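Trainee: Got a sequence here, can you build the structure:
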Amino acid sequence: MLRAIGKRDRDIFDEVWPEKRKIVLKLLRQETVSQREWQDLFFGVHYVCLWDEKGATKIYDGLQQDIVEFIVQAQSKVQAQRGEQALLATYIVEWRKFFTQSNYLPLPFRQLEQSPQVKPASSSGSGSSSSAAAAAGGASTSNAAASASNQASSSSSSTKASTSAAAAAAATSGGATTSSNSATAASSSKKGPTDDSPVRKLMLDSWNKHIFHDIKDRLQESAMKIVHAERNGDAYDAQLVVGVRESYVNLSSNSEDKLEIYREHFEKAYLKATADFYRLKSTEQQQENGVLAYMKYADAKLREEEVRAKRYLEPSSFNILTCRLVKVLIVDHLNSIIAECPALIRDYETERLNLMFRLMDRVLDGEGVEAMMGDLQRHIKSAGLADMQSASEIITQDSEKYVERLLELFNKFSDLVRNAFNDDPRFLTARDIAFKMVVNDTSVFKMELPTSIANRGVKYTAPESKCPELLANYCDMLLRRTPLSKRLTSEQIDARLRDVLLVLKYVNNKDVFMRYHKVHLTRRLILGTSADSEKEEDIVEWLREVGMPADYVNRLARMFQDIKVSEDLNTQFRSSISRHDAINIKILNAGAWARCSERVSVSLPIELEDYIPDVEEFYKKKHSGRKLQWYHHMSNGTITFVNNFGRYDLDVTTFQMAVLFAWNQRQHDKISYENLRLATELPDPELRRTLWSLVAFPKIKKQILLMEPTAISSPKDFAENTMFYINQEFAIVKNGKSQRRGKLNLIGRLQLSTERSQQEDNQSIVQLRILRTQEAIIKIMKVRKRMNNAALQAELIDILKNMFLPSKKMIKEQLEWLIEHKYMRRDDDDINMFIYVA
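Mentor: Here you go, the predicted model:
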């Protein structure tokens, strides 16, 4: 061929191509091609394209003629088959052979890409993308010979290929493959060395035109029948369907979209056949076996089809198929499936609920899941309230039982969400919303708070849940020295306190809990009845962690600090006086401890009155400029009681002490109610409560005081001439025997409470809510400057929700109050727009 370069007057194509055509035909028939023949084909194509101006076009036309002839022969073999499976099998064999050829036959013809007469499929890739291209793209004949020689040498060390031409081509190109999984390679995002070749495009287009276009409908129909047989459990050959899919994928000559033909034909037919099959089967299954059995069928078929799709479809079709199946198997039967949900939740059928949840979770718009969430919310609310109401007689009398019942319900509902819905966040939210309704319900427990503080009386609004008060009571039982705290270990107390905080998370009016928790803490610290001081301080930090207001938590911490400081002051005070063991003072910060608006006057025994000047003088020396205020209702003491039967130590409140000291010099006298009022100077309500605690103290068989007449059943029935006297037969009874010595606590729950304290508590809660609402509004407006009503209310609720949820009426009233007092104003043009006034 090198000697033929100078013969420019001869038809170079006619001279070279006939010999090279024989090699091409051998390649098309997958006959053995020697290494020398393979090398000569590169030389010939390059030579003709280089020295014949129309050489590239002539080669392309000749190659097209040979390819079409080969395809026509394959077409006759395929169309000769009558049976569907035989047709598919023959087609797949011929297709895979031809597709293998399309990967290596274009390699020697890469020179055609350089010709303007033959335009490639796309303008990608230089000759360096493959060694074969390098061989075909040399700058001169001698260079081309050297490149081709190197190429041939690198492909095999033998003179003649020992395998078929396919193996030789694969070794030369480094990229072709004869594997049956060629579809995967073809659909890969990485381009092979022949992907953009005009020869490969010619081969695929010719196959599409002469074979595929004529029998594609038969191929699709036959493949879908095999899939149908597989779904019915009949015998099938999966490789036939896989082969059809591969041909659809690899027939596309569009390098930008390799799945174009596959999507337009195979995927479309597969999706339609699948939807038609299950549309019929699903209706039959539901009618024959019922909804619950149908759910198992639908779940099994969805998983089965997902596995089948991995065999028969491209990855891009998986989601499309799943959506189509969900539509047919679930959405079309949604109402009948969801109708079973309430009964399953009621019966705690967690396994079936989990199955239903898996099905509904596949529905893209979330309609099924939302319906299940609604059913769960309704069940938790109704079941929770029914359970609380059925046990109301027990839990209304015992805060421990109330909290334990709430925790039992919460754990029960949490187990349901965990086992049935896999702790899905959406269902956890539904549980929280519904349980919050149970906790804040007022049908079992309720308390009424005034709408406002008025001089002429109190107007009451809709009742609020008493849950926070009971939670505070339960905390007190755990932290105080009680039978409950004594029978529990330290770890168990910690766990129950954590449970209280868990329930507290669902309480709307947390400020009520704060109020009562502080009351109980005050009582424990003053009386010294805490079971464990470390746990007292621990729960304060836990309250901070769960988001309680910082000012509230800081006040609690200040209370502990005051007790520690008071211990040091007591030590110093006792060392300064001779009667060092008779008194224990507590100096408390008014801002942290005060809980009622006024102090209660009382005439103290002379033994206590003598200490007051000494304490005040001692404190002034330590802290000049500070004033002490005595809160006698927060004080208590121990007195020795002696009668005809024995001698007893009694723990009493200051009010009880003042009453009992009236008999100190006249033990056997009877004193009227009026004389006791004059002697003690106690207000009438407090005197009645105190006397009743001494004549009708619960849990003791013999009372300290007796009265005449004895038929009085309530402290309100005391008259001015009602007579009281010491019970000389009083004794402490243990195990049915009267003891001559002993100690008795008569304080009970009287300590720190007065007749007006409950009303004051409720009013102070509302007053604090008003102040917090005003404070929050000012904070928001100070930052925003201008804000409309809706946005202001939304941000206000977000700030206050950890304490309480302000009503719209309260927000409106406080906005009007702030406008009236010139803290803010309305916009002149928009009454719903507020403007901060600096």
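Trainee: measure Val78 to Lys97 for me?
Mentor: Going from Val78 to Lys97 by CB to CB, to the nearest Å gives 12 Å. Using the backbone N, CA and C atoms, a C-beta is placed for each residue, glycine as well.
Trainee: any idea how far the residue nearest the centre of the chain is from Arg544?
Mentor: Against the mean C-alpha coordinate of the chain, by CA atoms, centre = their mean, the closest residue is Pro425 at 3.2 Å. Pro425 is 26 Å from Arg544, where distance means CB to CB.
Trainee: do Lys801 as well
Mentor: According to CB to CB, Lys801 stands 17 Å off from Arg544.
Trainee: Comparing these two, which shows the higher neighbour count?
Mentor: Arg544 (16 against 13; other CB atoms under 10 Å).
Trainee: what's near enough to touch that one?
Mentor: Applying CB atoms under 8 Å, 6 or more residues apart in numbering to Arg544 gives the contacts 550, 553.
Trainee: tell me the SS of it?
Mentor: Assigned with DSSP: H, G, I helix; E, B strand; the rest coil, Arg544 falls in the helix class.
Trainee: For Gly305, give me the pLDDT.
Mentor: You called it Gly, but residue 305 is Glu. Listed pLDDT for Glu305 reads 92.
Trainee: how distant is the helix or strand hosting it from the center of its chain?
Mentor: Taking DSSP states H and E as the definition, Glu305 sits inside helix 268-312. Here the centre of helix 268-312 is set off from its chain's centre by 32 Å, with CA atoms, centre = their mean, to the nearest Å.
Trainee: now for that helix, which elements pack on it?
Mentor: helix 213-231, helix 238-250, helix 318-329, helix 334-338, helix 350-360 (3 or more CB pairs under 8 Å, 6 or more residues apart in numbering; DSSP states H and E).
Trainee: try 6 Å this time
Mentor: Helices and strands touching helix 268-312, by 3 or more CB pairs under 6 Å, 6 or more residues apart in numbering; DSSP states H and E, are helix 213-231, helix 238-250, helix 318-329, helix 350-360.
Trainee: now the angle from it to helix 238-250?
Mentor: Between the axes of helix 268-312 and helix 238-250, defined by axes from the mean of the first three to the mean of the last three CA atoms, to 10 degrees, the angle is 110 degrees.
Trainee: Give me the distance between Gln85 and Asn727.
Mentor: For Gln85, the distance to Asn727 (CB to CB) stands at 109 Å.
Trainee: What is the end-to-end distance of stretch 686-703?
Mentor: Stretch 686-703 has an end-to-end distance of 19 Å (CA to CA, to the nearest Å).
Trainee: Name the residues of that stretch that are buried.
Mentor: Under the neighbour-count criterion of 16 or more other CB atoms under 10 Å, stretch 686-703 has 686-695, 697 buried.
Trainee: So for that stretch, mean pLDDT?
Mentor: Here the average pLDDT along stretch 686-703 is 85.
Trainee: Distance from the chain centre to it, please.
Mentor: 54 Å.
Trainee: in the chain, which spans are strands?
Mentor: Assigned by DSSP state E, the strands in the chain fall at 636-642, 647-653, 671-672, 705-708, 723-726, 732-734, 737-739, 741-745, 786-788, 824-826, 833-836.
Trainee: burial count for the closest residue to Val331 other than its chain neighbours?
Mentor: Spatial nearest neighbour of Val331, chain neighbours left out: Val363 (6.1 Å); criterion: CB to CB, 6 or more residues apart in numbering. By other CB under 10 Å, 18 other residues sit near Val363.
Trainee: Same question for Arg352.
Mentor: 17.
Trainee: okay, the residue nearest to it when sequence neighbours are not counted: pLDDT?
Mentor: Leaving aside its chain neighbours, Arg352 sits nearest to Leu344 (5.3 Å; criterion: CB to CB, 6+ apart). For Leu344, the pLDDT comes out at 94.
Trainee: Check Val363 too.
Mentor: Val363 carries a pLDDT score of 90 in this model.
Trainee: Tell me where the model's unsure across the stretch 151-300 of the chain.
Mentor: 151-196, 253 (pLDDT under 70).
Trainee: if we go to 80?
Mentor: Scanning the stretch 151-300 of the chain for pLDDT under 80 picks out 151-197, 213-214, 216, 235-236, 251-256.
Trainee: Make JSON lines from the buried residues of stretch 686-703 and add distance to Asn789 to it.
Mentor: Shown next, in JSON lines, are those (distance: CB to CB, whole Å):
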{"residue": "Glu686", "distance to Asn789": "47"}
{"residue": "Leu687", "distance to Asn789": "52"}
{"residue": "Arg688", "distance to Asn789": "50"}
{"residue": "Arg689", "distance to Asn789": "48"}
{"residue": "Thr690", "distance to Asn789": "52"}
{"residue": "Leu691", "distance to Asn789": "55"}
{"residue": "Trp692", "distance to Asn789": "52"}
{"residue": "Ser693", "distance to Asn789": "52"}
{"residue": "Leu694", "distance to Asn789": "57"}
{"residue": "Val695", "distance to Asn789": "58"}
{"residue": "Phe697", "distance to Asn789": "56"}
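Trainee: can you tell me which of those are in helices?
Mentor: Secondary structure from DSSP state H places 686-695 of the buried residues of stretch 686-703 in helices.
Trainee: If we only consider the residues you listed, which is nearest to Glu221?
Mentor: Arg689 (95.5 Å; CB to CB).
Trainee: how much space between the closest one and Asp214?
Mentor: 106 Å.
Trainee: Bridged to Tyr836, which residues?
Mentor: In this entry, Tyr836 is beta-bridged to Met824, by DSSP bridges.
Trainee: gap between it and Asp798?
Mentor: Distance, Tyr836 to Asp798, using CB to CB: 19 Å.
Trainee: ok, the two, which is more surrounded?
Mentor: Tyr836 (18 against 11).
Trainee: So that one sits against Met781, correct?
Mentor: Yes: using CB atoms under 6 Å, Tyr836 is in contact with Met781, at 3.9 Å.
Trainee: any common contacting residues for these two?
Mentor: Counting by CB atoms under 6 Å, 6 or more residues apart in numbering, the shared contacts of Tyr836 and Met781 are Met824.
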